[in-house]
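K.L.:
Task: produce atomic coordinates for the following.
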Amino acid sequence: MVPKSKYLIPTFAALFLLLLGIQVYFMYKTYQVKERDIYRSVTDGLTNYIDKADRGHRTLEKKDDSLQKIIVRYYNKEISKKDFIQSFIENRAAVRNRLSNYVDSRLQKDGYKISTRIQYTSIIHLPDSIKLIDRPFTIFETKDKVKNPKIANTSSWETSSSRKRDTDQKVIERMDTFFVKSQIEFEITNIKSIVFKELALLIICCIFLLSCVLMLYISTINNLIKQQRQVEVLHTVVDNISHEFKTPVATLKIASKTLKKEWNPDTLPLIDRQISRLESLILQLHQDQVSDEITAITPEDWSFFVQDLAFTYPQTDFRFENKVSNQLPFDKNSMETIIKNLSENSVKYGASRVSITIAHSLQNLEIEVSDNGQGMENKELKNIFEKFYRIQGNNIHNTKGVGLGLYIVNKIITKYHGKINVSSQPGKGSTFSLSIPYEMPL
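P.N.:
All right, here's what the predicted structure looks like:
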């Protein structure tokens with residue numbers, strides 16, 4: 001399990017990064033498509049507006065040849081370049097107005113902030129191919145300057161004046177022909193905010209999906225690490241405890257055989273009980289469950305439990321009060337485990353006096369174990385019944401143990417559908433109150 005998990009984390013991370021990359025690429029491509037659609041929409045609308053303006057303007061030009069006259073005068077050096085450009089700007093007022101109307105309409109309709117610019121890039125006198133301008137000049141630009149222009153419309157046309165050479169034959173002679181090229185550039189300055197606004201729902205969904213995957217990934221890794229630690233601790237505990245228990249069990253068995261030969265009635269029952277106790281602990285540790293074999297507990301058994309504790313811990317004052325006078329339908333080994341685990345836990349945490357009270361009321365067995373040990377803080381009470389949990393002082397375990405005692409007690413009480421109440425104060429001790437329901441056989 002552990003070797004395989006070493007590859008699980010980098011594999012999971014690689015897959016998550018791959019998913020993240022796919023999502024980013026998908027969002028980038030979607031952004032590009034949306035941006036192109038917006039620019040295409042603006043370009044088509046702008047082109048239609050300009051075409052209408054040019055058609056109307058060219059119709060007027062056929063009547064008065066105003067643009068032709070301006071170009072001819074500039075070609076003949078009758079006006080300066082500045083005056084020529086100013087006349088050009090005045091002549092193209094219709095195009096500028098049409099363009100301004102379009103920009104305003106798109107702002108009101110779609111919220112597009114459009115920067116536009118009209119430039120004339122080339123004016124050539126065709127008969128001698130002379131260029132009238134050496135670089136493009138601008139005849140219109142919005143207040144917001146065009147920084148990254150998109151060419152929306154390019155156009156070119158010829159202008160010429162004409163006269164009749166022969167009245168009868170009506171021969172038309174073209175004079176002073178000019179080839180003119182122009183272009184309209186534009187930029188949507190708030191294109192990013194528009195695209196992100198339209199893709200907001202998609203972006204939120206992608207972020208939510210990635211967040212869920214990331215949270216699942218973190219949760220999985222945390223659970224995996226936690227499980228690995230528990231497995232490592234369990235292996236260490238089982239190995240150590242099994243080894244430590246085997247030695248006293250073997251020693252007690254040899255002592256029991258020796259005492260049987262010499263017949264010492266005072267210590268022999270004690271040794272036999274200790275052997276049974278140790279074997280029961282080993283069984284619980286390995287199987288993580290209490291034995292299915294049930295031996296009903298008698299009033300005398302409670303006294304034996306306390307006698308064993310007093311013999312094992314001679315420096316501790318055990319005070320015992322038994323108010324039960326009849327046999328109860330509880331497993332003897334389970335009840336012994338409860339009394340000894342709670343009492344030994346008190347001794348381990350500094351108790352010099354342990355009081356044990358056994359009583360019954362109606363159909364409930366009441367067990368109370370109190371001590372004058374070091375006690376616990378309230379924040380520890382919710383964790384003390386967890387498996388392998390031990391109270392720490394400055395992150396250091398100062399008391400020997402493996403954190404199984406209270407866990408086993410809680411498991412037994414849960415099996416009998418009982419309840420455990422714990423009250424404790426640091427420096428004053430703890431009290432464990434157990435209530436176990438039962439039904440007397442008919």
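
K.L.:
Dihedrals phi and psi, residue 153?
P.N.:
phi -150, psi 130 (degrees, to the nearest 10).

K.L.:
for it, what are its contacts?
P.N.:
Counting by C-beta atoms under 8 Å, 6 or more residues apart in numbering, residue 153 makes contact with 43, 46-47, 50, 183-184. From N, CA and C alone the C-beta is placed, and that goes for glycine too.

K.L.:
Which one of those is nearest to residue 279?
P.N.:
Distances from residue 279 to the contacts of residue 153, taken as C-beta to C-beta, are shortest for residue 43 (89.7 Å).

K.L.:
Count the neighbours of the closest one for me.
P.N.:
Applying other C-beta atoms under 10 Å, we find 16 other residues in the vicinity of residue 43.

K.L.:
Domain map for the protein?
P.N.:
By the assignment in automatic domain parsing, the chain contains the domains 2-198, 289-437.

K.L.:
Run through the strands of the stretch 151-300 of the chain in chain order.
P.N.:
Under the criterion DSSP state E, counting those that start in this stretch, the stretch 151-300 of the chain contains strands at 171-188, 296-297.

K.L.:
Throw those into a markdown table and include mean neighbour count and distance to residue 159, thanks.
P.N.:
Output for those, formatted as a markdown table (neighbours: other C-beta atoms under 10 Å; distance: least, C-beta to C-beta, whole Å):
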| stretch | mean neighbour count | distance to residue 159 |
| --- | --- | --- |
| strand 171-188 | 17 | 5 |
| strand 296-297 | 18 | 119 |
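
K.L.:
Residue 387 is nearest to which of the ones you listed?
P.N.:
Of all the strands of the stretch 151-300 of the chain, strand 296-297 comes closest under C-beta to C-beta, at 25.7 Å.

K.L.:
So in that sheet, which strands flank the closest one, and in what orientation?
P.N.:
Sheet partners assigned to strand 296-297 using DSSP bridges are listed as strand 328-331 (antiparallel).

K.L.:
Give the buried residues for the strand it pairs with.
P.N.:
328, 330-331 (16 or more other C-beta atoms under 10 Å).

K.L.:
same deal with stretch 86-93?
P.N.:
Buried residues in stretch 86-93, counted by 16+ other C-beta under 10 Å: 87-88, 91-92.

K.L.:
Just give me the lowest mean pLDDT stretch among the strands of the stretch 151-300 of the chain.
P.N.:
Per-segment mean pLDDT for these reaches its minimum on strand 171-188, at a mean of 74.

K.L.:
all helices of the stretch 251-400 of the chain, in order?
P.N.:
268-287, 299-312, 332-348 (DSSP state H, counting those that start in this stretch).

K.L.:
Let me know which of those is the nearest to residue 421.
P.N.:
Among the helices of the stretch 251-400 of the chain, helix 332-348 comes nearest to residue 421, with 12.7 Å by C-beta to C-beta.
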